[in-house]
Structures are given as C-alpha cells and as structure tokens.
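Chemist: give me a 3D structure for the following:
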Amino acid sequence: MIIVKFKKIIGLVLVFSLIAVVISGCGKQKTTSKELDKITVQSLWLPQGQFAGLYVADSKGFYEEEGIDVEILPGGTDVSSEEQVENDVAQVGVAFYSSVLTYQEGGYDFINVFQTFQTSPQYLVAKASSGIKTGADLKGKNVGSWFGGRQYEFYALAQLNGLDPEKDIKWKQQDYTLDQFNSGELDVASAMSYNEYLLLLQTYQESDLNVIDMNKEGAALLEDCLFVKRSWAEQNKDLLVRFLRATIKGWKYTSENPEEAAQIVYNIGQNSTLDHQVAMTKKVLETVIPEGNNASQIGYLNPTSIQRTIDLGYQSGLTKNKIDISKSVDSSYWEAAVK
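Modeler: Predicted structure coming up:
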C-alpha cells in the first residue's frame, strides 16, 4: 500500500511538473513571440536636457510600445554622429543640420527626417557696458567661437551686416568655460541659449548682458536634427515611422512635464546639477516648440527655414555648392508619423 501510494504521489508530482513546464513555456513563448526591433541612436553630446525627448521616450516605454528597443549612445568631442551612422554603428544620428549639409556635399547619402530644433539656440553675448548690441557692432571686436562648424552662423551674421568675416572681426578660439569672457579677453562670447547663457545668468543680471540672437538677426542656421542613411530609411520605412512617432511622444511628454523629464536625464547622466538640467530642458523646449508653434509641429521640416539654412550655409562658406533641398530632407516619414 505504501509503495502504491508513493507511486501515485510521484505520478501526481510529474503531472503537475509537466503542466507547470507547459504553462511556463507558453508564457515565455507569448512574451518573446514578437521580438523588438533594434535601433541605435548616436547622440551629439552627453545626456542632458538638449536631448530630453529621446531619453523620455525610452524611459517612459514609448519606443517599446512601438515595438522598438532603442539604445542611445552618448556623444563627445571625439565622436562624430555622421561617421557613426555612415559606419552602421548607429542607424539614427543627432547632429546640427548645418553639419549634415557638409556631409551631404561630401557624398554621404544622408537625409534629415526630423528637425528637432525649429530655431537656432546660438547666441553671441556681450557685456551691456561694451555697447555691442547687433551684428554690425562686431567690427574690430574679439569674438569667441567654438569653430568646428559653429562659426558659420556668425560668418552669415557678419555678411548680412556688410562685414568681411575674415578681415573685420578678430576671431578667438573659445573654450568650454566662460573665463575668457569674464576676464575681458573676449568682447563677445558664444553661448547656447539653453546652456552657457544660463550659466552666465548665475553671475550676471540679464540687464548686464546684451544678446545677439541669430534668429532676430536673420542669420540662423538650423541645428539639432535626426538624420539617417537614405538607403536604410527606404528599407525600414515602417520602423523609422514608428521610431519618429515615439520620439514625438517623448518630446510632447517633456513639454508637459519638463521637471520630470529633466530628472530622467539627470538620473542617466548627472554631468551637471539637477537645477541646471531643469532650466536647460525648459529653455530647449523654446526652440523645439517655439512661440507660434504647438506640439503637433514637433520635428516639422519647415521648408522655409530648411532652405534658409541651405542658402546661408552656401553664402557663408559652409558648403561650396548649394544643396538641393529635395535631396537633403525627406519629410514623408515625419508626415506618416503624425497621421
């Protein structure tokens, strides 16, 4: 009797074990039946509010909802987004549109598919006591630039004011601190509206500074955009549309919850204070959704500002030839994403 009961117990254990295995197997099969598509994004710089929409879309699961597993690679001074995309290390790159133009001229088959920044965030800043207020006042002054492609907005500004950018302005290599400006070595300093300018306001009052805004001066070149290889986009249209749709959702969420978005970025990078990330994120949103725009226009490839960037880039020497806008941007993926 004992042996029979023992055999029955063993049999029941085996049956339940088999059922558990089947259930477990079914559950596992269900969760892996639809593998996520992989996309790697090469960022332009370290994690910060400048790229909040991407990190928010990832953190809040918007990419996963679209069936995508996204990896965001941090950038740096020794990383070229364009080369990373060209070499298939990343499928999507973050770069200044003005920079993408130079690669397109060099034969790289890139297309701008999402214009993150609708206006230019690049300022020239002078002390109010200097009397420097407009581009025309730059003649003979020591003006700081980071160069590396960022100088062409200033060259365009000079030309629009009848100045020869090579002869009439004393250009100085600016470092990534504001020490040269504070010491008086620079009469005018480069400053991003969302970063260096905010840092200046920790030392100066707004009334102590004169800001030369590239947008108001008519010299703005478009900056942050998302670009891809044309061939990759054509082969992965649905995937790219889903990626852009989730990215738009990320930026929309950021616009509605800037403090939370800044916290998400801060938790990832922690390369500045949380307060600075909050201030940066809010300021970045002013160029992602500038006054007069709304969330439905996030990423919009505005043909007027695109063409102006192409024209000013050519006039200022950024490119040797005027790039054909129809070959430089493709808005069809963005249009499909916002439907």
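Chemist: ok, the closest residue to residue 272 other than its chain neighbours - contacts?
Modeler: Leaving aside its sequence neighbours, residue 272 sits nearest to residue 48 (CB to CB, 6 or more residues apart in numbering; 6.9 Å). The C-beta positions use only the backbone N, C-alpha and C, and glycine is treated the same way. Residues near residue 48 by CB atoms under 8 Å, 6 or more residues apart in numbering: 195, 265, 269, 271-272, 277, 280.
Chemist: one more time with 10 Å
Modeler: 55, 74, 194-195, 262, 265-266, 268-269, 271-272, 276-277, 280-281, 284 (CB atoms under 10 Å, 6 or more residues apart in numbering).
Chemist: mark which of those are part of helices, please.
Modeler: 55, 262, 265-266, 268-269, 276-277, 280-281, 284 (DSSP state H).
Chemist: could you dump those residues to CSV with pLDDT?
Modeler: Output for those, formatted as CSV (pLDDT from 0 to 100):
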residue, pLDDT
55, 98
262, 98
265, 97
266, 97
268, 96
269, 85
276, 96
277, 97
280, 98
281, 98
284, 98
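Chemist: of those residues, closest to residue 155?
Modeler: residue 284 (24.9 Å; CB to CB).
Chemist: got the contact list for that closest one?
Modeler: Counting by CB under 10 Å, 6+ apart, residue 284 touches 48-53, 116-117, 121, 192-195, 224, 251, 254-255, 258, 261-262.
Chemist: excluding chain neighbours, what is closest to it?
Modeler: residue 194 (4.7 Å).
Chemist: ok, how many other residues are close to that neighbour?
Modeler: Per other CB atoms under 10 Å, the neighbour tally for residue 194 reads 22.
Chemist: who touches it in this structure?
Modeler: Counting by CB under 10 Å, 6+ apart, residue 194 makes contact with 48-50, 117, 121, 276, 279-287.
Chemist: of all the residues you listed, which two lie farthest apart?
Modeler: Largest pairwise distance in the contacts of residue 194, by CB to CB, is 19.1 Å, between 117 and 276.
Chemist: first-to-last residue distance for stretch 98-118?
Modeler: Length of stretch 98-118, first residue to last, CA to CA, to the nearest Å: 13 Å.
Chemist: so which residues of the stretch 1-150 of the chain form strands?
Modeler: Using DSSP state E, counting those that start in this stretch, the strands found in the stretch 1-150 of the chain span residues 37-42, 68-73, 92-96, 110-114, 122-127, 142-145.
Chemist: got TSV for those, with mean pLDDT and mean neighbour count too?
Modeler: Below are these laid out as TSV (pLDDT from 0 to 100; neighbours: other CB atoms under 10 Å):
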stretch	mean pLDDT	mean neighbour count
strand 37-42	98	18
strand 68-73	98	17
strand 92-96	98	26
strand 110-114	98	25
strand 122-127	98	23
strand 142-145	98	22
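Chemist: I'd like those strands as a markdown table, with distance to residue 334 appended.
Modeler: Shown next, in a markdown table, are those (distance: least, CB to CB, whole Å):
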| stretch | distance to residue 334 |
| --- | --- |
| strand 37-42 | 16 |
| strand 68-73 | 16 |
| strand 92-96 | 13 |
| strand 110-114 | 6 |
| strand 122-127 | 24 |
| strand 142-145 | 32 |
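Chemist: looking at the ones you listed, which is nearest to residue 303?
Modeler: Comparing the strands of the stretch 1-150 of the chain by CB to CB, strand 110-114 comes nearest, at 11.6 Å.
Chemist: in terms of secondary structure, what does the closest one contact?
Modeler: If contacts are counted by 3 or more CB pairs under 10 Å, 6 or more residues apart in numbering; DSSP states H and E, strand 110-114 sits against helix 81-86, strand 92-96, helix 97-105, strand 224-229, helix 230-235, helix 237-256, helix 325-328, helix 332-337.
Chemist: most tightly packed of the ones you listed?
Modeler: strand 92-96 (a mean of 26; mean count of other CB atoms under 10 Å).
Chemist: need the CA coordinates for it. CSV is fine.
Modeler: What follows is strand 92-96, C-alpha atoms only, in CSV (Å, rounded to 0.1, in the frame of the first residue of the first chain):
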residue,chain,number,x,y,z
VAL,A,92,19.9,57.3,-36.4
GLY,A,93,22.2,60.3,-35.6
VAL,A,94,21.7,63.5,-33.8
ALA,A,95,23.6,66.4,-35.4
PHE,A,96,23.4,70.0,-36.5
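Chemist: which strands and helices sit next to that strand?
Modeler: So strand 92-96, by 3+ CB pairs under 10 Å, 6+ apart, packs with strand 37-42, strand 68-73, helix 81-86, helix 97-105, strand 110-114, strand 224-229, helix 237-256.
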